[in-house]
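Engineer: Please find the sequence and the predicted model below.
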Amino acid sequence: RRRFDAPLPVEISYDEFTTDTAENRLLRAAAERLLCLPGVDRDTRRRLLRQRTRLAAVTPLTPGRPLPVWRPTRLNARYHQALHLARAVLTGSSVEHGAGALRIDGFLFDMNRLFEDFLCVALREALIPYGGRGSLQASGVHLDEDDAIRMRPDFVWYG
């Protein structure tokens, strides 16, 4: 009826799928940000590099510009948690106990252990230029010559 029985032009409807979406841009930027962090273990770095390679065709985010907005849909449902985490990484958000826009299901940290590990790793990295090696939670250390009193110091530097 709309074409008055003319065979041409033919209406065509199609969906165009592209990798350059707001979701992929956020994931690529978060992977690149995490790769810049010191102390990322080898396995995690390998996985981040793989994701960055998979998202190579995606346009990188421009520094200083607002983050792209994405909408939760059934098509990106399996990426919701990753996208929330990517936004937290890119905005520098942290876990806060209280009302806010960042939703965390649960967290528990042994702050004594966390501070101790942070301090020991920072000390070990700061002493590297002086030669030797550091050991965290060293075992086999004794307080006396008879090896009767065992110690477990938090940090030992061997010159």
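Structural biologist: Cool, got the structure.
Engineer: Give the buried residues for the helix of greatest length in the chain.
Structural biologist: The longest helix of the chain (DSSP state H) is helix 111-127. If you call a residue buried by 16 or more other C-beta atoms under 10 Å, then helix 111-127 has these buried ones: 120, 124. The way it works is simple: take the backbone N, C-alpha and C, and place the C-beta from them, glycine included.
Engineer: Following that helix in sequence, what is the next regular element?
Structural biologist: strand 133-136 (DSSP states H and E).
Engineer: what helices or strands is that following strand leaning on?
Structural biologist: Using 3 or more C-beta pairs under 8 Å, 6 or more residues apart in numbering; DSSP states H and E, the elements in contact with strand 133-136 are helix 111-127, strand 155-158.
Engineer: name the helices or strands packed onto the longest one?
Structural biologist: The contact analysis (3+ C-beta pairs under 8 Å, 6+ apart) places helix 111-127 against strand 133-136, strand 155-158.
Engineer: Show me what the helix or strand that comes right after the first one is packed up against.
Structural biologist: Once the chain leaves strand 133-136, the next helix or strand it forms, by DSSP H and E, is strand 141-142. For strand 141-142, the elements it packs on are strand 150-151, judged by 3+ C-beta pairs under 8 Å, 6+ apart.
Engineer: Output the helices and strands packed on strand 133-136 in JSON lines; the columns should cover distance to Leu143 and mean pLDDT.
Structural biologist: Shown next, in JSON lines, are these (distance: least, C-beta to C-beta, whole Å; pLDDT from 0 to 100):
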{"stretch": "helix 111-127", "distance to Leu143": "20", "mean pLDDT": "87"}
{"stretch": "strand 155-158", "distance to Leu143": "13", "mean pLDDT": "82"}
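Engineer: quick one, which of those is nearest to Arg46?
Structural biologist: helix 111-127 (21.2 Å; C-beta to C-beta).
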